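# 3D model of this:
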Amino acid sequence: MNFSRPRPSRAEFIEVGFSFQDPPYKVREALERLVHETDGVLAQPMPMVTTRGFGDFSITYRVTYNTAEKDRFTVKNELVTRIWYMAKRHGFTMPFPVHVNLQHTQKRPFDVAQPEAADLLSQFPGLPEIVPEDRPQTRALTFGAGERLFSQDDNLEGVYFVISGAVSLQVVRDGETTEIARAHAGEFCGETGMHGHQTADTRAVALEDTVVVLIAPDVVRHLFEASPRFARETGHSLEVQRKAKLSARSAGPPH
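Reported below is the predicted structural model:
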């Protein structure tokens, strides 16, 4: 092999194992979306995710993709890093070999208890309490830097409330991306999702490790009904974002 004249592109693969409890079709769908959204992965040949087999502790999946020779290490690093965030976001488990010697009666799982989405929201004093019947309609999601919460024209299932980190809200116009605002802890983004299954008019990208809670439209309505003051403050914040979007769209073509 003549390393002094490498090919301009090359095939790479990553193998990762997920729990037997994680449905393979859902795992593959999440991995496929992840690899397609990662910068540096070539569209052709098309990336592919396959279920490799059943190991002692997990189901093994292989992500095969192509990248430019000069980008091979950068892209693999980014993909491997993002897989962790994707797994946490979807509730997938990446098990590791372990032997447990039980010497007492086990009454509950050994997993470390994770706070529920509604508990994460409760740390914000200005946010009304989530009533018990609404708790199942909230979901905590974790994103790494550069990952998209949603893309422009995605169908939103609710609104995103930022728990920690920061989110860049962007408008894509004529192939150019313009940042119109940033959402920080205690702020909403994806406001079109407040009204049911609506199309996103912006793109949201995590600027750092970010935790958000996806809140269903009915729950948002209940929060506004419980606190008119909270509804007014949220409306003012979203109006600022709306004006910024209009300004970005009405601006002349980029030079």
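# What helix or strand is residue 183 located in?
Taking DSSP states H and E as the definition, one finds residue 183 inside strand 176-184.
# which residues are contacting the next helix or strand after that strand?
Note on strand 176-184: by DSSP H and E, the next helix or strand toward the C-terminus is strand 188-189. Residues outside strand 188-189 that contact it (C-beta atoms under 8 Å, 6 or more residues apart in numbering): 149, 159-162, 167, 169, 183, 202, 204, 212, 234, 237-238, 241. Heads up, the C-betas are built off the backbone N, CA and C, glycines and all.
# Next, count neighbours for the spatially closest residue to residue 177 that is not a sequence neighbour.
Distances taken as C-beta to C-beta, 6 or more residues apart in numbering place residue 170 nearest to residue 177, at 5.2 Å, with adjacent residues excluded. Residue 170 has 21 neighbours, counted by other C-beta atoms under 10 Å.
# Using CSV, write out every CA atom in the helix or strand harbouring residue 170.
Assigned by DSSP H and E, residue 170 falls within strand 166-173. Output of strand 166-173 as CSV, limited to C-alpha atoms (Å, rounded to 0.1, in the frame of the first residue of the first chain):
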residue,chain,number,x,y,z
ALA,A,166,-27.5,26.8,25.7
VAL,A,167,-29.2,26.5,22.4
SER,A,168,-28.6,28.4,19.2
LEU,A,169,-31.8,29.3,17.3
GLN,A,170,-31.1,29.6,13.6
VAL,A,171,-32.9,30.5,10.3
VAL,A,172,-31.7,28.8,7.1
ARG,A,173,-32.3,30.9,4.1
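# quick one: buried residues of that strand?
Buried residues in strand 166-173, defined by neighbour count with 16 or more other C-beta atoms under 10 Å: 166-171.
# before we move on, back to that, could you double-check that the residue nearest to residue 177 sits in contact with residue 180?
Yes. Taking contacts as C-beta atoms under 8 Å, residue 170 lies within contact range of residue 180: 6.7 Å.
# list the residues that contact both of the two?
Taking C-beta under 8 Å, 6+ apart as the contact criterion, the common neighbours of residue 170 and residue 180 are residue 202.
# Give me the sheet partners of the strand holding residue 183 and which way each runs.
strand 166-173 (antiparallel) (DSSP bridges).
# and for the strand it pairs with, what are the contacting residues?
By C-beta under 8 Å, 6+ apart, the residues outside strand 166-173 that reach it are 149, 152, 160, 177-184, 189, 201-208, 210, 212, 241, 245, 248-249, 254.
# now swap in stretch 123-143 and tell me
85, 88-89, 115-118, 120-122, 149, 158, 160-161, 163, 165, 186, 206, 209-216, 218-219, 222-223, 226-227, 229-230, 233.
# got the end-to-end distance for it?
Distance across stretch 123-143, first residue to last, is 20 Å (C-alpha to C-alpha, to the nearest Å).
# ok, now which ones touch residue 214?
Counting by C-beta under 8 Å, 6+ apart, residue 214 has contacts 117, 138-141, 157-160.
# Can you tell me which of those residues end up in helices?
Counting by DSSP state H, the contacts of residue 214 place residue 117 in helices.
# and of the contacts of residue 214, the nearest to residue 67?
Residue 67 has its nearest neighbour among the contacts of residue 214 in residue 141, at 27.1 Å by C-beta to C-beta.
# So what's the residue count around that closest one?
Using other C-beta under 10 Å, the number of residues around residue 141 comes to 18.
# May I have the beta-bridge partners of it?
Going by DSSP bridges, residue 141 forms beta bridges with residue 212.
# Repeat that for residue 62.
Residue 62 has the following beta-bridge partners by DSSP bridges: residue 15, residue 50.
# go on, residue 172?
According to DSSP bridges, the partner residues bridging residue 172 are residue 177.
# With that, I have no additional questions.
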